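Asker: Quick one: sequence plus predicted model below, questions after.
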Amino acid sequence: MDSVAIATLVLGLLLGAMTFLFIFRIVLTWYPQADLTRFPFNVIAVPTEPFLAPSRKIVSPIGGVDITPILWVGIFSFVREILLGQQGLLTMMLQGKSF
């Protein structure tokens, strides 16, 4: 396995996992009584909060709803598509196509 294939695998797993965690974070916003410092909710909150905290300072809630997890799902999905999609940069490098 060459370095591009390893990078593709690792990035695919990482970006997919983060998207999955942010989707769970969106679901957790429906339950404000959930304590994000306790297990199992902290498994979702700990990796996502470093992204959400700074973005909450920029994007205020709309109608009292925190939309930053939705924005991060879009960002991670976009990055995954740009790098690993059918015409993604790493996919094309892995297939040996020139840009």
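Answerer: Sure, I can see it.
Asker: count of neighbours near the nearest residue to Leu84 once chain neighbours are set aside?
Answerer: In this structure, Leu84 finds its nearest non-sequential neighbour in Gly12, 5.3 Å apart by CB to CB, 6 or more residues apart in numbering. All C-beta atoms are positioned from the backbone trio N, CA, C, and that covers glycine. By other CB atoms under 10 Å, the residues close to Gly12 number 16.
Asker: So Gly12 is in contact with Gly85, correct?
Answerer: No: contact criterion CB atoms under 8 Å: Gly12 and Gly85 do not qualify, at 10.5 Å.
Asker: Pass me the low-pLDDT residue ranges in this protein, would you?
Answerer: Low-confidence segments of the chain, defined by pLDDT under 70, span residues 97-99.
Asker: what about the residue nearest to Leu84, helix or strand, and which?
Answerer: In this assignment (DSSP states H and E), Gly12 forms part of helix 3-28.
Asker: following that helix, which helix or strand shows up next?
Answerer: helix 41-58.
Asker: Can you check what angle separates that next one from helix 3-28?
Answerer: Inter-element angle recorded for helix 41-58 and helix 3-28: 90 degrees (by axes from the mean of the first three to the mean of the last three CA atoms, to 10 degrees).
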